[in-house]
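[1] Next one to model:
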Amino acid sequence: MKKVLCLLTVSILILSLAGCGSAQDSRGGTIAQVSNVNDIISSAAAENAPTARRNLPLSSYKFFTGEKPGDEKYDIDLTAMNSTMVYSEVSNMMMEPQSYEGKYVKMRGSFAVHEGETRNYYACLISDATACCSQGIEFILDKNISYPDDYPPLDTEITVVGTFDTYNEGENKFIQLLNAKAYYG
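    Here you go, the predicted structure:
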């Protein structure tokens, strides 16, 4: 029994030491070692960093409502935050919506729509730093336009500005941006 335990211990030790070497993928290349979670988040954030396309002048964007936002001051500008901060702020909005009511918000994410029984729900989906999870904020445009004719294709990156508000539907409380202006490009 002692020999079996000793052999098992030595085997585990050898396997753990062998695991410290560099790994290779199926093509023979070395797989990069990531030292911690912060490296993973930083790597994903770098991949999702703003591109030159996002920094175009407003005149090159298409506006859902036909109007572009001016040089407004935003109470919360999610477009100026890194992806980790954006996801944290949106989580806070979901958890404590009462502290955000009436705030003027600017956000960027993917366009989504849920076609409900009585109305459509339009949303801007915001991903976390690793792009594995997303949270959506519904928006109500300041003008009545037609879906799908006047809206961009699903999953198009959009920017939305509007006033944060909450509403109840049944027993559930939801958040939305009212009097919103939205654009893409």
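[2] Ranking helices and strands of this protein by mean pLDDT, which lands last?
    Sorting the helices and strands of the chain by mean pLDDT, DSSP states H and E puts helix 37-47 at the bottom, at a mean of 44.
[3] Can you show me the strands along this structure?
    62-63, 76-77, 104-115, 120-127, 134-141, 157-169, 172-184 (DSSP state E).
[4] Out of those, which is closest to Ser83?
    Proximity of the strands of the chain to Ser83 was assessed by C-beta to C-beta; the nearest stretch is strand 120-127, lying at 7.2 Å. No exception for glycine: its C-beta is placed from N, CA and C like everyone else's.
[5] Which positions are bridged to Asn120 in the beta structure?
    In this entry, Asn120 is beta-bridged to Glu115, by DSSP bridges.
[6] shouldn't it be in contact with His114?
    Yes - counting by C-beta atoms under 8 Å, Asn120 does reach His114; the two are 6.9 Å apart.
[7] Near Gly185, how many other residues are there?
    17 (other C-beta atoms under 10 Å).
[8] Please report the distance of it from Thr159.
    9 Å (C-beta to C-beta, to the nearest Å).
[9] same deal with Tyr87?
    On the measure of C-beta to C-beta, Tyr87 and Thr159 end up 17 Å apart.
[10] As TSV, the strands of the chain with mean pLDDT and mean neighbour count would be great.
    Listed next are the strands of the chain as TSV, based on pLDDT from 0 to 100; neighbours: other C-beta atoms under 10 Å:
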stretch	mean pLDDT	mean neighbour count
strand 62-63	69	16
strand 76-77	95	18
strand 104-115	94	18
strand 120-127	92	19
strand 134-141	91	20
strand 157-169	94	18
strand 172-184	93	18
